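Engineer: Quick check, what structure comes out for this input:
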Amino acid sequence: MLNQRIPGITFLPCLFEHTYFISFFKNVFMRSKKQSLIAVLMATFIFFIQCSKILEKPVVDDLSDHNKKNPFNEHKKSLVSDGKDIFRFDTFGDEDFWSGLLHIDKAIAGANHGGFGPGISPKTALAVGLKVDADALPPEVIAAIRSGAINLDDPATTIALLKLNAVLGVKGNFSSEGNLQSIGITCASCHSTVDNSFAPGIGKRLDGWPNRDLNVGTIISLTDNAQPIANLLHVDEPTLRNVLSLWGPGKFAAVLFMDGKAFRPDNKIAANLIPAAFGLRGIDLATYTGWGSIKYWNSFVGNLEMHGKGNFFDPRLNDPAKYPIAVENHFYNVMNTPDLITPKLDALRAYQHSIDAPKPPAGSFDKFAALRGRRIFFTKAKCDNCHASPLYADNKLHTAAEIGIDDFEAMRSPTGKYRTTPLGGLFAREKGGFYHDGRFATLLDVVNHYDRHNRLNLSRKEKADLVEYLKSL
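Structural biologist: As a prediction, this is how the structure comes out:
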């Protein structure tokens, strides 16, 4: 654990892996000085060659000729590939909700294209956090955007982007005449973003990264038919729209549609940050409060939040005191024929498990401070009591008292506790803050919290070094 390398910092692991050179050196020094010098030089050369091989060796599946032909590996690759398509493009049949009930397709099209209102231009779509996949754009479209020949203030351009399947997480369905008939949403709407390589909000896909720009509340508010949701929550429409407006970018209130609680006891909005979908291989608890595995949560979200057409059963939701909305609407036992979700869950999980946590950009942290911070992480700060390497998580649940915060969100879950969130790729999810609700704006705020709660007595320099280590993960 303690000899784990920080990328680009040290060859230290190689020293441990090549301790056999120590005994080799002892024998060498028994010979003549000339022979010793030659041997040492040769050993050193071999040592660095071996270290280089270790450092440069990619962490990938064995793709030898034998394993390329291995049926199990072929099945695994196929499963991941299928899961990728599901993650990016499968709506699970949720068009009936987003278009049939909420009429979001009509809001996008606008009155001039068979819908209502002004329509949603690309500029408006980008402003509410939707992203565009640059790789889905033909060269002539890219050239036209650059030259200004394409009008980014025209909803017709948004419709054209939907035809190209270029809007992350939003799938348009068109008639044979090319008219927008409906839209559905996919996993990628919340759990993918882009690298902004073409323009802000337009670039190459970054699957698994939480879209902390996405304003889900504003998008739902585009509907001209909010009353069914208001009725479900037993509120009037103005109240519903006010709640949706308070979520803000990068947040969603999944449990609201189970328990009806829109606000925390301190009167702040009860919405949580959209979580990352990367670095989950080996993680047993997929949500902030440990509702279940990633396969369970995919089914929960696909059925109850995206409103796809599948089968879902969780008797824990059949609790009228804790989950009155879920009980009234039989969310604890959902049945659809055909089931468009359950048969896809294994492939979806395989793809999500294939997405590693991203590495921080070069120059985004101080390497030497991170090396010092690493020692603090594993010793004085005792962070590894919960964030144990290599997952930087312990797959355990913890009471609110253990981590020094209120238990409001924990008690909304069946577990009544919080899980340990893995720390890989923190830089990719720093927008909006840390913890489930973003209550800590910076990593230093998190460190200060635990310094107080656990009485660590960290110095200012130790805190700064620990932050740099966290930034390196």
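
Engineer: Give me the residue ranges of the chain where confidence is low.
Structural biologist: 1-72 (pLDDT under 70).

Engineer: tell me the secondary structure for the residue nearest the centre of the chain?
Structural biologist: Closest residue to the average C-alpha location of the chain: A276 at 1.6 Å, with CA atoms, centre = their mean. Secondary structure, DSSP: H, G, I helix; E, B strand; the rest coil: A276 is coil.

Engineer: tell me the contacts of it?
Structural biologist: H191, G208, W209, P210, A357, G425, A428, R429 (CB atoms under 8 Å, 6 or more residues apart in numbering). Just so you know, the C-beta spots here come from the backbone N, C-alpha and C atoms, and that holds for glycine as well.

Engineer: which of those residues are buried?
Structural biologist: Neighbour-count burial (16 or more other CB atoms under 10 Å) applied to the contacts of A276 gives H191, G208, W209, P210, A357, G425, A428, R429.

Engineer: Mark which of those residues are part of helices, please.
Structural biologist: H191 (DSSP state H).

Engineer: Of the buried ones among the contacts of A276, which is the nearest to L102?
Structural biologist: H191 (20.8 Å; CB to CB).

Engineer: Hmm, L273 and that closest one touching each other?
Structural biologist: No - between H191 and L273 no contact is recorded; they are 12.0 Å apart, counting by CB atoms under 8 Å.

Engineer: list the residues that contact both of those two?
Structural biologist: Common neighbours of H191 and L273, using CB under 8 Å, 6+ apart, are P210.

Engineer: What are the boundaries of the helices in the stretch 301-450 of the chain?
Structural biologist: With DSSP state H, counting those that start in this stretch as the criterion, the stretch 301-450 of the chain has helices at 324-328, 345-354, 367-378, 400-403, 408-412, 443-453.

Engineer: Relative to D105, which of those helices is closest?
Structural biologist: For the helices of the stretch 301-450 of the chain, proximity to D105 was assessed by CB to CB; helix 345-354 is nearest, at 24.7 Å.

Engineer: For K382, give me its contacts.
Structural biologist: Contacts of K382 by CB under 8 Å, 6+ apart are N454, L456.

Engineer: now do 10 Å
Structural biologist: I376, Y450, N454, L456 (CB atoms under 10 Å, 6 or more residues apart in numbering).

Engineer: if we take those, which one ends up nearest to D406?
Structural biologist: Nearest member of those to D406, counting by CB to CB, is Y450, at 15.8 Å.

Engineer: Which secondary structure element is home to L79?
Structural biologist: Assigning secondary structure by DSSP states H and E places L79 in helix 71-89.

Engineer: quick one: contacts of that helix?
Structural biologist: 61-64, 66-68, 70, 90, 92, 133, 165, 168-169, 171, 184, 186-188, 191-192, 205, 207-208, 277, 298, 302, 341, 344-355.

Engineer: next structured bit after that helix?
Structural biologist: Following helix 71-89 toward the C-terminus (DSSP H and E): helix 95.

Engineer: which non-adjacent residue is nearest K309?
Structural biologist: Closest residue to K309 apart from its sequence neighbours, by CB to CB, 6 or more residues apart in numbering: G93 at 3.8 Å.

Engineer: what's the neighbour count on the one you found?
Structural biologist: By other CB atoms under 10 Å, the residues close to G93 number 19.

Engineer: Repeat that for L137.
Structural biologist: Applying other CB under 10 Å, I find that L137 has 18 neighbouring residues.

Engineer: ok, now which ones touch it?
Structural biologist: The neighbourhood of L137, defined by CB under 10 Å, 6+ apart, consists of A143, A144, I145, L161, L164, A166, F198, I202.

Engineer: Restricted to helices, list those residues.
Structural biologist: Those of the contacts of L137 lying in helices (DSSP H): A143, A144, I145, L161.

Engineer: Quick check: the gap between P265 and F257.
Structural biologist: 20 Å (CB to CB, to the nearest Å).

Engineer: Next: T157.
Structural biologist: 33 Å.

Engineer: What's the end-to-end length of stretch 186-206?
Structural biologist: End-to-end distance of stretch 186-206 (CA to CA, to the nearest Å): 15 Å.

Engineer: Next: stretch 93-109.
Structural biologist: Here the two ends of stretch 93-109 are set 20 Å apart, with distance taken as CA to CA.

Engineer: how many other residues sit next to the closest residue to A166 other than its chain neighbours?
Structural biologist: Nearest residue to A166, sequence neighbours excluded (CB to CB, 6+ apart): A136, at 3.9 Å. By other CB under 10 Å, the residues close to A136 number 14.

Engineer: so who does A136 touch?
Structural biologist: Per CB under 10 Å, 6+ apart, neighbours of A136: L161, L164, N165, A166, V167, L168, R205.

Engineer: In CSV, list the C-alpha atoms belonging to stretch 324-335.
Structural biologist: Output of stretch 324-335 as CSV, limited to C-alpha atoms (Å, rounded to 0.1, in the frame of the first residue of the first chain):
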residue,chain,number,x,y,z
PRO,A,324,-45.7,7.4,0.7
ILE,A,325,-45.3,8.4,-3.0
ALA,A,326,-43.7,5.1,-3.9
VAL,A,327,-46.5,3.1,-2.2
GLU,A,328,-49.3,5.2,-3.8
ASN,A,329,-47.9,4.6,-7.2
HIS,A,330,-46.7,1.0,-6.7
PHE,A,331,-43.1,1.9,-7.5
TYR,A,332,-42.1,-1.1,-5.3
ASN,A,333,-43.4,-3.5,-7.9
VAL,A,334,-43.3,-2.3,-11.5
MET,A,335,-44.2,-4.7,-14.3
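
Engineer: buried sites along that stretch?
Structural biologist: I325, A326, V327, F331, Y332, V334.

Engineer: Then stretch 103-115?
Structural biologist: For stretch 103-115, by 16+ other CB under 10 Å, it's H103, I104, D105, K106, A107, I108, A109, G110, H113, G115.

Engineer: now, which of those residues lie within helices?
Structural biologist: Checked against DSSP H, these include these in helices: I104, D105, K106, A107, I108, A109.

Engineer: Save the buried residues of stretch 103-115 as CSV, and put in distance to G83 too.
Structural biologist: Below are these laid out as CSV (distance: CB to CB, whole Å):
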residue, distance to G83
H103, 31
I104, 26
D105, 27
K106, 32
A107, 31
I108, 28
A109, 31
G110, 35
H113, 34
G115, 33
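
Engineer: Would you check which pair of the contacts of K382 lies furthest apart?
Structural biologist: I376 and N454 (12.8 Å).

Engineer: Show me which of these two is the more surrounded one.
Structural biologist: Set side by side, I376 and N454 show more neighbours around I376, with 21 against 16, by other CB under 10 Å.
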